[in-house]
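Asks: below is the structure, and that's it, no one-letter string:
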C-alpha cells in the first residue's frame, strides 16, 4: 500500500526504540544492572509504604509525603524500566504511538520533592508553629496539588504529540520523550515545542520552592549551637539536596532544552540518570538515614 507524505502512519506502524549501542556483552551487563536497580527501587519503596502503614510513630506529614513519593517512584520507574529491559533482550523494541505517549506522560513529574522540602523547612525553621501549619487538610491539599501540577504540565504536550504525523522513519534513537517526536514528525511541531517550553515554568517553580526551602534549612542549621546537631542535620540535608539537584537538573535538560537530533545520545544517558539512578537512591537517602525508620524496620524484622 502506498501512503501519502501527510498521512499519519503511526497508527499503522509501531515505533522502534533502539536502546543503547554496543556489543552483546555490554547489553547483558546493562540488563543485569538495570534489573537489580529496578528491583531495589520497587522493593525499597514498597518497604517504605509498608513501614509507615504499620507503625503509628511514622504516621506524620513527612512520612505521608514519603509514601506518596514512594508510590510515584514505583509508577515512575515501571513506566520506563521494563520496556528498557525488553529492548536489551529483543535487540530492538517495538512500541505503539499510544504506548510511547503513555510512557512519556508518566515519566515526567516529581513535584512532591518541593512539598517535602517545604515540610522539612517548617519542621526545622518553625518548629513551634509546625503543628498548626501542617494540618491534615493542608497536607492533603499540598499532596493533591503536587500530583495535579506535575501531570497537568505534560497533558497538553502529550495531546499535541499524538496528533502529529510520522510519515518517514519510525526508529527512535532514544526513549519515549518529546525530542524524538519532534525529530521524526513530518508536520509542523512549533506548537509542541512551545507548550513543552512552558513546562519549564512548572519545573522552575517546583525547583525554586525546593531550593529556597533548603537555603532556609541550611541557614537555620548553622545557628544550631550543638556541633553534633549541626553535623547530623547537614549530613541529611546534603544527601537530600544531592538527589534534588540530580533530578531537577536532568529533568530541566530533558524537557526544556531545544530539540536537536545530534544530542539524542546525550539525552538517552540523562534519561537513565533521571529514571533509574535517582529513584533507587531515594528510598535509602530519605528513610534509611532516619532514626525513626531504622527503629521501625528493626522492630518489623524482630516481629514486634
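Replies: Right, received. Where do you want to start? Predicted model, so just to flag it, every value in this text is computed and none were measured.
Asks: how about the helices in the stretch 101-250 of the chain?
Replies: 112-125, 130-133, 136-161, 178-184, 190-222, 227-256 (DSSP state H, counting those that start in this stretch).
Asks: next, give phi and psi for the closest residue to residue 275 other than its chain neighbours.
Replies: Nearest residue to residue 275 in three dimensions, chain neighbours excluded: residue 80, at 4.5 Å (Cβ to Cβ, 6 or more residues apart in numbering). Any C-beta I mention is one placed from the backbone N, CA and C, and that applies to glycine too. Dihedral pair for residue 80: phi -120, psi -50, per degrees, to the nearest 10.
Asks: which residues touch residue 80?
Replies: By Cβ atoms under 8 Å, 6 or more residues apart in numbering, the contact list for residue 80 reads 103, 107, 175, 271, 275, 276.
Asks: pretty sure the last one is touching residue 79, no?
Replies: No: contact status for residue 276 versus residue 79: not in contact, 11.8 Å apart, counting by Cβ atoms under 8 Å.
Asks: return the distance of residue 279 relative to residue 101.
Replies: Going from residue 279 to residue 101 by Cβ to Cβ, to the nearest Å gives 21 Å.
Asks: which of these two has more residues huddled nearby?
Replies: Remark: of residue 279 and residue 101, residue 279 carries more neighbours, 28 against 19, as counted by other Cβ atoms under 10 Å.
Asks: the more buried one: what secondary structure?
Replies: Secondary structure, DSSP: H, G, I helix; E, B strand; the rest coil: residue 279 is helix.
Asks: that one against residue 40, yeah?
Replies: No: using Cβ under 8 Å, residue 279 makes no contact with residue 40, being 9.2 Å away.
Asks: where does the stretch 1-150 of the chain have low pLDDT?
Replies: 1-12, 19, 91-92, 107-114 (pLDDT under 70).
Asks: swap the cut-off to 80 and go again
Replies: Within the stretch 1-150 of the chain, the stretches with pLDDT under 80 are 1-14, 16-27, 57, 62, 66, 69, 76, 87-94, 96-128, 146-150.
Asks: how about the strands in it?
Replies: Secondary structure of the stretch 1-150 of the chain (DSSP state E, counting those that start in this stretch): strands at 15-17, 93-95.
Asks: would you reformat the ones you listed as TSV and include distance to residue 204 and mean neighbour count?
Replies: Supplementary listing: these in TSV, determined by distance: least, Cβ to Cβ, whole Å; neighbours: other Cβ atoms under 10 Å:
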stretch	distance to residue 204	mean neighbour count
strand 15-17	29	20
strand 93-95	31	18
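Asks: tabulate these (JSON lines), appending distance to residue 148.
Replies: Listed next are the strands of the stretch 1-150 of the chain as JSON lines, based on distance: least, Cβ to Cβ, whole Å:
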{"stretch": "strand 15-17", "distance to residue 148": "29"}
{"stretch": "strand 93-95", "distance to residue 148": "27"}
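Asks: nearest to residue 192, of these?
Replies: strand 15-17 (16.2 Å; Cβ to Cβ).
Asks: show me the contact partners of that closest one.
Replies: So strand 15-17 is in contact with 83, 87, 92-97, 100, 166, 170-172, 174-176, going by Cβ under 8 Å, 6+ apart.
Asks: mind listing the strands it pairs with, and their directions?
Replies: Sheet pairing of strand 15-17 (DSSP bridges) gives strand 93-95 (antiparallel), strand 171-172 (parallel).
Asks: and these as a markdown table, adding distance to residue 138?
Replies: As requested, the strands paired with strand 15-17 are exported to a markdown table (distance: least, Cβ to Cβ, whole Å):
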| stretch | distance to residue 138 |
| --- | --- |
| strand 93-95 | 41 |
| strand 171-172 | 42 |
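Asks: OK, contacts around residue 169?
Replies: So residue 169 contacts residue 184 (Cβ under 8 Å, 6+ apart).
Asks: show the model's pLDDT score for it.
Replies: With respect to pLDDT, residue 169 has a value of 74.
Asks: next, give phi and psi for it.
Replies: phi -70, psi 140.
Asks: do the same with residue 186
Replies: phi -110, psi 10.
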